[in-house]
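>>> I'll drop the sequence and a predicted model, then ask my questions.
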4 protein chains.
Amino acid sequence: MDNVEETKGRAVEEKETGRVEAFSDGVFAIAITLLVLDLKVPRAEILPPGVGLAQYLVGQWPVFLAYLVSFCTILIMWVSHHRLFNQIKRVDDVFMYLNGLLLLFISVVPFPTSLLAEHIQHEYAPVAAAIYAGNSVIIAVMFNLLWRYAAHDNRLLQKGADPVFVKGVNRQYWFGPPLYLLAVALAFVNVIASVAMCMALAVFFALTGILTRRVFGRDA
Amino acid sequence: MDNVEETKGRAVEEKETGRVEAFSDGVFAIAITLLVLDLKVPRAEILPPGVGLAQYLVGQWPVFLAYLVSFCTILIMWVSHHRLFNQIKRVDDVFMYLNGLLLLFISVVPFPTSLLAEHIQHEYAPVAAAIYAGNSVIIAVMFNLLWRYAAHDNRLLQKGADPVFVKGVNRQYWFGPPLYLLAVALAFVNVIASVAMCMALAVFFALTGILTRRVFGRDA
Amino acid sequence: MDNVEETKGRAVEEKETGRVEAFSDGVFAIAITLLVLDLKVPRAEILPPGVGLAQYLVGQWPVFLAYLVSFCTILIMWVSHHRLFNQIKRVDDVFMYLNGLLLLFISVVPFPTSLLAEHIQHEYAPVAAAIYAGNSVIIAVMFNLLWRYAAHDNRLLQKGADPVFVKGVNRQYWFGPPLYLLAVALAFVNVIASVAMCMALAVFFALTGILTRRVFGRDA
Amino acid sequence: MDNVEETKGRAVEEKETGRVEAFSDGVFAIAITLLVLDLKVPRAEILPPGVGLAQYLVGQWPVFLAYLVSFCTILIMWVSHHRLFNQIKRVDDVFMYLNGLLLLFISVVPFPTSLLAEHIQHEYAPVAAAIYAGNSVIIAVMFNLLWRYAAHDNRLLQKGADPVFVKGVNRQYWFGPPLYLLAVALAFVNVIASVAMCMALAVFFALTGILTRRVFGRDA
């Protein structure tokens, strides 16, 4: 009978975790899809005379690049979030609020990205790049808080979570905040280097994810 | 055989409840993510001369604060809704319409919040603050209606719902409408006090949730 | 063994049906939440001199009414869709496309509603009201097509669906298109009467749903 | 016991696949619903004198046609995606990123479609039509990559996937990229023919889906 209770309890926990996951997925899906609203169609009448549509659109490259970068960044974060939740078997209120704050800074990504796209060829490019990298610092910190809260004393992980794996994630997550902070500082030296560093870090986190998975098997 | 019928009936009920939950989660997720559309990127050409980008953005603080407050408010409401639905095991049409009306006033939250952000430094700040608090009154009333409809005679709760817990929620929910009404009145005396009261109430409801959970265990 | 195959087949069918349901719920949730984007905050500087914020907002009543009506209309349609899907146990491609077309005209609801709000106090109110009612005609027709396609020869319903219930829904659905057509015609005679008729019909469908449920039990 | 492990492993795989499916459905649902934001309500004051509302809206036909075409295109892609996922039983990181890139180009569909609607009656119609068809080329390529990655050596398909069916999909998907490329070229010869070809291809893929299903049974 105790066993029945336990099974039932676990079913409730899984349903709750599932709802947090579904809500988060919704926020990711919306944030990633809203980006398209930043692509503005040039009206036929206001094309500058002597400039073709193709030429005009090519001149808009920062907007399209910002779209691509925002999309890929949120996609990589979604995969990371997905991977983190594969380890989570329970949620509590603190975890839900931490997760909510993480989502706040992820759903805000389109703002610093558009800011950067608008200003990258102008006077205030360093400030825009620093804000862009700064938002990534906060996201990296939130991912750390969320994971460490869940993993501390195995609080919300599945029973018998592999301690080697947990330590591996712990270590990997440490890199995020200081490296993104470096990108903030770099923005005032060289804007392009700062932006390139942010993108390289995103790709790096995407790839280490794939590698960790290779080493620890499909469920990691 | 009767038992089989009952199990099947319960499965259908759970599926229906799940769909209402998923729909509500969708509305919450969208409402919370749409907020970012209010953050407008200043165009490079229209920055006032002599004003840097950083200085300009700092001057826009009410917009960012409104974003933060709306996001946290909707997040706290989502957690409350989540918690309420942990007790709900059945839905009927009246409940679905009540839930829909609750969602109406939650998804409208970005409007009074932007209104407040736009007017907080101008002549009509008291009206804007009163509308902001007023929307919270309605949301608090709707949460009461939804919960009381479901809990009355255990109508839609799980069998054997703990009466002490139900009474606890009943009591806690009573506080909402009169306290938010007070904040409406306060808006005409002191705008900042009214806004601060609304935020304090949101934090209070977030915390009592955590406390109730501590007392009544994980499933409460 | 045949039984195992059948159970597996049914599980696949249910998963597919669930995915169509979830996709539809997503569209409903987004359509209903996007409405808030039509509520524009008046900028502090452009309030007409001598007009207070409260007075200005009251003058905007058609926009708020349109929001309320759109929200309630989509909500009622969602409940109807939910109810219809409670009877559906399988989907096929034709059904998915019919459902998609229904969603097309539901997700477009904000457009005729804003059109009506913008023009209700001006010269072209009859045209706007006719378009509003016209969209409802199409939605009523699509609901008919969807239901009749699924119910014909019990094509996609659960085994042993109650024929009395099916006929009841058949009959109820017949009313929609001609009554909404009447509202279209009425628009050119009396705009207010036409709009009132559309709202009365929405409420009527919401209530018959509740009544049908009372008569045929929870699963109907 | 090995069997228990396997069953558990499969449950985890199905959950993960389900989450990718749900995320994709979210993106589809949002992309399809956001389209309505392109339908702008003409303000009562700015209707050109002597032009009625009905006449004005009729003159806006490219916008409405673009809405219809975008909606149907995304709907057909959703059905294709749904059908493809019916064969997928596992996901890995590479698959998730490929799926993400597919979603990128699907969620961008509203942009080339509005571009086409805006320019179809002006000088740069060929460029707009080429961009429209060009986005379809990329989507067709991404569908190929996604399917071939999953189907190669049965990597992510269910055990015992019918090789005849897999080859059938392989062959059908080959047609996409070259045919859409042809539509790109055609844009510079005859805009209407290019657009018509894109629509015909969409309908063709919708119908072959239905036919394949007829031949290979419900689960195909």
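Yep, it's here. Model, not experiment: these values are computed from the prediction.

>>> Could you list the low-confidence segments of chain A?
Where chain A drops to pLDDT under 70, the residues are A:1-12, A:49-51, A:209-220.

>>> Kindly recompute the last result at 50.
Along chain A, segments meeting pLDDT under 50 span A:1, A:218-220.

>>> and it, which residues reach chain D?
By the rule Cβ under 8 Å from any Cβ of the partner chain, the part of chain A lying against chain D is A:21-22, A:25-26, A:28-30, A:32-37, A:39, A:41-44, A:47, A:52-54, A:57, A:67-68, A:71-72, A:75, A:78-79, A:82, A:86, A:206, A:209-210, A:213, A:218-219. C-beta coordinates here come from the backbone N, C-alpha and C atoms, glycine included.

>>> Grab the most central residue of chain A for me.
For chain A, residue A:77 is the residue whose C-alpha lies nearest the centre (Cα atoms, centre = their mean; 3.1 Å).

>>> Next, that residue: secondary structure please.
helix (DSSP: H, G, I helix; E, B strand; the rest coil).

>>> and chain C, which of the residues of chain A next to chain D contact it?
residue A:30.

>>> out of the residues of chain A next to chain D, which are buried?
Among the residues of chain A next to chain D, those scoring as buried are A:21-22, A:25-26, A:28-30, A:32-36, A:39, A:41-42, A:44, A:47, A:53, A:57, A:67, A:71-72, A:75, A:78-79, A:82, A:86, A:206, A:209, A:213 (criterion: 16 or more other Cβ atoms under 10 Å in any protein chain shown).

>>> before we move on, back to that, the residues of chain A next to chain D in helices, which ones?
Members of the residues of chain A next to chain D lying in helices (criterion: DSSP state H): A:21-22, A:25-26, A:28-30, A:32-34, A:53-54, A:57, A:67-68, A:71-72, A:75, A:78-79, A:82, A:206, A:209-210, A:213.

>>> packing partners for the helix or strand residue A:143 falls within?
Using DSSP states H and E, residue A:143 sits within helix A:125-151. Judged by 3 or more Cβ pairs under 8 Å, 6 or more residues apart in numbering or on different chains; DSSP states H and E, helix A:125-151 is in contact with helix A:61-85, helix A:93-107, helix A:110-119, helix A:163-187, helix A:191-216, helix B:53-59.

>>> can you tell which of those helices is closest to residue D:159?
Closest to residue D:159 of the helices and strands packed on helix A:125-151 is helix A:191-216 (Cβ to Cβ; 21.3 Å).

>>> Return the most buried member of the helices and strands packed on helix A:125-151.
Among these, helix A:110-119 has the highest mean neighbour count (mean count of other Cβ atoms under 10 Å in any protein chain shown), at a mean of 24.

>>> helices or strands up against that helix?
helix A:61-85, helix A:125-151.

>>> change it to 10 Å
Applying 3 or more Cβ pairs under 10 Å, 6 or more residues apart in numbering or on different chains; DSSP states H and E, one finds that helix A:110-119 makes contact with helix A:2-34, helix A:61-85, helix A:125-151, helix A:191-216, helix B:53-59.

>>> want to try TSV for those helices, with distance to residue C:179 as columns?
Formatted as TSV, these follow (distance: least, Cβ to Cβ, whole Å):
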stretch	distance to residue C:179
helix A:2-34	36
helix A:61-85	45
helix A:125-151	53
helix A:191-216	55
helix B:53-59	54
